[in-house]
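S.K.: The following block contains a protein sequence and its predicted model.
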Amino acid sequence: GAVVSQHPSWVICKSGTSVKIECRSLDFQATTMFWYRQFPKQSLMLMATSNEGSKATYEQGVEKDKFLINHASLTLSTLTVTSAHPEDSSFYICSAATGAGGYGYTFGSGTRLTVV
Amino acid sequence: KQEVTQIPAALSVPEGENLVLNCSFTDSAIYNLQWFRQDPGKGLTSLLLIQSSQREQTSGRLNASLDKSSGRSTLYIAASQPGDSATYLCAVKDSGNTPLVFGKGTRLSVIA
């Protein structure tokens, strides 16, 4: 089945630094990637939708200049958390769609970000 | 705006029991509904996907039903095992290529 590889699985960074999270579709072309954030004991909240070759669409309240999304190829999307602060500590997870809307989405394994 | 609610928020049962997890959604015009399992600190594992035209899907000890008109779905787990302990998430897709909308999940503990 479709597999999305997400790296790193966990990262600890200092406040003020930037962190890049990668999601790769291993055996299919992901025309659309969704990025979610999950705080402890909360559900997954959509941050942004990225389509290959175009600018990402951000949900209300998500700063596009802070959470940079790049979807330059059909198999790779990246999320960069810039100038990270402790309140950005969360679980980030990506999800890929192939464009065949009748199928469920495939999720990466998630990235636990801790900003100290 | 679509909203998904899951009841109960947490559930603890002895091993061997059959159990039902509930999911409701406010806009019945969905494309499909998906149940996921999430282990602590881990990603999501898809369990069952029900298209809007379907009424149920089965996989092993799991059975998911969908009543689109009433905006409800249930996940039935038969003969629960300690390995079933996890958070179960319900998510709906409203159309084509739109993102999933998730409920807050039900945290299940199966006690040996």
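M.R.: Alright, I've got the coordinates. Every value quoted in this text rests on a predicted model; they were computed, and no experiment measured them. Residues are numbered from 1 along each chain as shown, chains lettered A, B, ... in the order given.
S.K.: Give me the residues contacting the least confident helix or strand in chain A by mean pLDDT.
M.R.: Lowest by mean pLDDT, DSSP states H and E among the helices and strands of chain A is strand A:106-107, with a mean of 88. Residues outside strand A:106-107 that contact it (Cβ atoms under 8 Å, 6 or more residues apart in numbering or on different chains): A:1-4, A:25, A:93-96, B:36, B:43-44, B:46. Placement of C-beta: from N, CA and C, glycine included.
S.K.: Give me the below-cutoff pLDDT ranges for chain A.
M.R.: A:1, A:98-104 (pLDDT under 70).
S.K.: Can you tell me which residue sits nearest the middle of it?
M.R.: For chain A, the residue nearest the mean C-alpha position is residue A:35 (3.7 Å; Cα atoms, centre = their mean).
S.K.: Tell me the spatial nearest neighbour of that one, not counting adjacent residues.
M.R.: residue A:47 (4.6 Å; Cβ to Cβ, 6 or more residues apart in numbering or on different chains).
S.K.: Tell me the strands beside the stretch of helix or strand that neighbour belongs to, with direction?
M.R.: Secondary structure from DSSP states H and E places residue A:47 in strand A:45-51. Strand A:45-51 sits in its sheet next to strand A:32-38 (antiparallel), strand A:57-58 (antiparallel), going by DSSP bridges.
S.K.: which element follows the shortest one toward the C-terminus?
M.R.: The helix or strand immediately downstream of strand A:57-58 is strand A:67-73, counting by DSSP H and E.
S.K.: where does residue B:27 fall, phi/psi-wise?
M.R.: phi -110, psi 110 (degrees, to the nearest 10).
S.K.: Hmm, it is touching residue B:95, no?
M.R.: No - if you go by Cβ atoms under 8 Å, residue B:27 and residue B:95 don't touch, sitting 10.5 Å apart.
S.K.: ok, back up a step: highest neighbour count among the contacts of strand A:106-107?
M.R.: residue A:94 (31 neighbours; other Cβ atoms under 10 Å in any protein chain shown).
S.K.: now what about stretch B:35-44, what contacts it?
M.R.: By Cβ under 8 Å, 6+ apart, stretch B:35-44 touches A:6, A:44, A:91, A:93, A:107-110, A:112, B:23, B:45-49, B:62, B:64, B:73, B:75, B:86-91, B:105.
S.K.: And the buried ones among those, selectable in PyMOL?
M.R.: The following PyMOL line selects those of those that are buried, judged by 16 or more other Cβ atoms under 10 Å in any protein chain shown:
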select buried, (chain A and resi 6+44+91+93+107+108+109+110+112) or (chain B and resi 23+46+47+48+49+62+64+73+75+86+87+88+89+90+91+105)
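S.K.: Which members of the contacts of stretch B:35-44 are positioned in strands?
M.R.: A:6, A:91, A:93, A:107, A:112, B:23, B:45-49, B:62, B:64, B:73, B:75, B:86-91 (DSSP state E).
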